[in-house]
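Participant: Pasted the sequence and its predicted model underneath.
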Amino acid sequence: MALFALFGIVGTSWMTRLPSIRDALGVSSAQLGLILIVGAVGALFAVVSTGAIVSRFGSRSTLVAATALNLVALLLVAWGTAVGSVGIFAVGAFLNGVSGALMNVPINLNGALVEQQVGRAILPHFHAAFSIGAGAGALVGAAFSAAHIHISVQLVIVTVAVAVARAVTIGPATVFAPERRAGATTTPGVSPADLEHDLAESPAGGATEPAVSGAVVDAADGASGAEASRAAAGAASAGATGGSDGGSTARGARDIRATAQKPPRRGAGMRSALSAWREPRTILIGLVLLASSLSEGSAGNWLSIAMVDGFEVREAVGAMAYGTFVGAMTVFRFAGTGLIDRFGRVTVLRASGVSALVGLLLFGLAPQIWLAWCGIVLWGCGAALANPIAIAAASDDPLRSPARVSVVTSFSSFAQLTAPPVLGLLADEIGGRYALLTICAAMVLSLALAGQVRPLPREARSLVPERA
């Protein structure tokens, strides 16, 4: 959870000060949106290959490299704002996007693996930790702004502190990483994805092809989140697991070890990552995550500016508005695990979409700030669970989860790529609050595709044979 929280702190603490960054660089909102797109390009550049990178080098090594790169990136961002250089800022933003993608996939993957070990829906708790970190980051940004401390000074202090904290927490956070679990039984230097590829080709392996969307069924969405998570353990966990067929009776399960009878082939990691792009269910889950990222990300990028420009309040008030959004997300992410266990992923995702849609409309159209603040709360509640639900759905099959999580997070990066310039241009023309109303279309898309996050049936998961 610590890595999620640190991710939230380091990102939000400077994003809430975008008005200061805009002034320091001497650009307009539209120009700032175009500059921010550079970071999204970096994220998209990295995320398409992150699944293969994690499969090859492991979560821990990937996180160490991402931490070092993020430190360099944000120090460049600080330098750019200090000297008013758009070029230096853009280079830092690009590297920040790359490092963010390299970190986002393995921490979500490891969070999903922990959920499978526990046997119930807890991934929203990890995302709640991110929200807590983001809320703390918003408070940090507001405090530095209120103290009239330059954004570059804030960036240096926060970035160095977070880098040290990450270095301490990476090891404990990756105890369930695939390379650690398979390390004792796989050929040295061979990734779990390589193993998966050969098992899929082996007659003894019996690995089944992933089901397409039409085959992904769960009786009336009757499976609880706990049952879905226990069923999702598949090849990754031991002990009693529940089905995804709506029943409440726990089923016994073996600890299915990732072992092979022949040396696995190298290079299968990239093939596994690319094959996930041909899975209809994975692509549709990616669209759900795209809508979620547009909702949550647009708040992070533009909520403070929309408040400052729309209601003519100080930057610190805008930062507190985003803090309210994050606070609502945090509360609902902690409460959401029980909701998912009781009502299932699909029902909760649909309710979340409605809440976010109503909140966006209220924020964008409210004539008074207190009413807009109510909209922020509803929007934050609606944005809370879509992301962890989509990640959990992409992680249903533990052996294929690195590739699938990489694919769905690519859609998140695409949202980050397209939203800043579009919203920036609209903000200059019609104002930030009205520009954010365009995100309502994404909420409608999420509602339409909610059925795709139903848990995979047990027979559609990769099964790895146990050594005799």
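Facilitator: Received, thanks. Numbering: from 1, shown residues only.
Participant: Report how many residues lie close to V331.
Facilitator: For V331, the count of nearby residues is 16 (other CB atoms under 10 Å). The C-beta positions use only the backbone N, C-alpha and C, and glycine is treated the same way.
Participant: Quick one: list the elements packing against the strand or helix carrying it.
Facilitator: Secondary structure assigned from DSSP states H and E places V331 in helix 315-343. The contact analysis (3 or more CB pairs under 8 Å, 6 or more residues apart in numbering; DSSP states H and E) places helix 315-343 against helix 2-15, helix 18-25, helix 123-146, helix 225-232, helix 280-311, helix 345-365, helix 369-383, helix 386-394.
Participant: Quickly, which of these bottoms out on average pLDDT?
Facilitator: Lowest mean pLDDT of these: helix 225-232, a mean of 39.
Participant: re earlier: pick the most deeply packed of the helices and strands packed on helix 315-343.
Facilitator: Highest mean neighbour count of the helices and strands packed on helix 315-343: helix 386-394, a mean of 29 (counted as mean count of other CB atoms under 10 Å).
Participant: Could you identify the helix or strand that succeeds that one?
Facilitator: That would be, after helix 386-394 and using DSSP H and E, helix 401-430.
Participant: What is the least confident helix or strand in the chain?
Facilitator: Across the helices and strands of the chain, mean confidence by mean pLDDT, DSSP states H and E is lowest for strand 241-242: a mean of 34.
Participant: before we move on, back to that, can you check what angle separates the helix holding V331 from helix 280-311?
Facilitator: With axes from the mean of the first three to the mean of the last three CA atoms, to 10 degrees defining the directions, helix 315-343 sits at 150 degrees from helix 280-311.
Participant: do you know which of the helices and strands packed on helix 315-343 lies nearest A165?
Facilitator: helix 2-15 (5.5 Å; CB to CB).
Participant: so which of the helices and strands packed on helix 315-343 comes closest to N70?
Facilitator: helix 2-15 (7.2 Å).
Participant: Tell me what angle that closest one forms with helix 18-25.
Facilitator: 50 degrees.
Participant: Keeping just the C-alphas, turn helix 2-15 into PDB.
Facilitator: Provided in PDB are the C-alpha atoms of helix 2-15 (Å, rounded to 0.1, in the frame of the first residue of the first chain):
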ATOM      1  CA  ALA A   2       2.900   2.300   0.700                       C
ATOM      2  CA  LEU A   3       3.900   2.400  -3.000                       C
ATOM      3  CA  PHE A   4       0.400   3.400  -4.000                       C
ATOM      4  CA  ALA A   5       0.400   6.200  -1.400                       C
ATOM      5  CA  LEU A   6       3.800   7.500  -2.500                       C
ATOM      6  CA  PHE A   7       2.600   7.400  -6.100                       C
ATOM      7  CA  GLY A   8      -0.300   9.700  -5.100                       C
ATOM      8  CA  ILE A   9       1.800  12.100  -3.000                       C
ATOM      9  CA  VAL A  10       4.400  12.700  -5.600                       C
ATOM     10  CA  GLY A  11       2.000  13.200  -8.500                       C
ATOM     11  CA  THR A  12      -0.700  15.300  -6.800                       C
ATOM     12  CA  SER A  13       1.600  17.600  -4.900                       C
ATOM     13  CA  TRP A  14       2.700  19.400  -8.000                       C
ATOM     14  CA  MET A  15      -0.400  18.800 -10.200                       C
END
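Participant: Nearest to Q452 among the helices and strands packed on helix 315-343 would be which one?
Facilitator: helix 280-311 (4.2 Å).
Participant: So which residues make contact with stretch 274-288?
Facilitator: Here stretch 274-288 makes contact (CB atoms under 8 Å, 6 or more residues apart in numbering) with 51, 210-213, 216, 349, 386, 389-390, 393-394, 400, 403-404, 406-408, 410-411, 445-446, 449-450, 452-453, 456.
Participant: circling back: looking only at pLDDT, what's the mean for the helix holding V331?
Facilitator: pLDDT averaged over helix 315-343 gives 87.
Participant: Same question for that helix: list its buried residues.
Facilitator: 315-334, 336-337, 339-341, 343 (16 or more other CB atoms under 10 Å).
Participant: just the angle between it and helix 123-146, please?
Facilitator: Going by the same axes, to 10 degrees, helix 315-343 makes 170 degrees with helix 123-146.
Participant: quick check, distance from helix 315-343 to the centre of its chain.
Facilitator: 15 Å (CA atoms, centre = their mean, to the nearest Å).
Participant: angle of that helix against helix 386-394?
Facilitator: Per the same axes, to 10 degrees, the angle that helix 315-343 makes with helix 386-394 is 40 degrees.
Participant: thinking again about what came up before, buried members of the contacts of stretch 274-288 into ChimeraX, please.
Facilitator: A single ChimeraX command is used to select the members of the contacts of stretch 274-288 judged buried by 16+ other CB under 10 Å:
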select :51,210,211,213,216,349,386,389,390,393,394,400,403,404,406,407,408,410,411,445,446,449,450,452,453,456
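Participant: So R400 versus V407, what's the distance?
Facilitator: Counting by CB to CB, to the nearest Å, the gap from R400 to V407 is 10 Å.
Participant: give me the number of residues near G171?
Facilitator: 11.
Participant: Please apply the same query to I430.
Facilitator: Using other CB under 10 Å: I430 sits among 12 other residues.
Participant: And A65, by the same measure?
Facilitator: Neighbours around A65, by other CB under 10 Å: 15.
Participant: nearest residue to it other than its sequence neighbours?
Facilitator: Leaving out its chain neighbours, the residue that sits closest to A65 by CB to CB, 6 or more residues apart in numbering is L102, at 6.6 Å.
Participant: State the helix or strand in which the one you found lies.
Facilitator: Assigned by DSSP H and E, L102 falls in helix 86-118.
Participant: L75 contacts V156, doesn't it?
Facilitator: Yes - using CB atoms under 8 Å, L75 is in contact with V156, at 6.7 Å.
Participant: just checking, F144 touches R17?
Facilitator: Yes - F144 is in contact with R17 according to CB under 8 Å; the separation is 7.2 Å.
Participant: who touches both of the two?
Facilitator: In contact with both F144 and R17: I151, Q154, using CB under 8 Å, 6+ apart.
Participant: I'd guess I149 is in a helix, am I close?
Facilitator: No - I149 is assigned coil when assessed by DSSP: H, G, I helix; E, B strand; the rest coil, not a helix.
Participant: what about it, how many neighbours?
Facilitator: Count around I149 with other CB under 10 Å applied: 14.
Participant: ok, now how distant is it from A142?
Facilitator: Relative to A142, and taking CB to CB, I149 is found at 11 Å.
Participant: for A52, same thing?
Facilitator: 40 Å.
Participant: Hmm, P388 and L123 touching each other?
Facilitator: Yes - here L123 reaches P388: they are 4.4 Å apart, a contact under CB under 8 Å.
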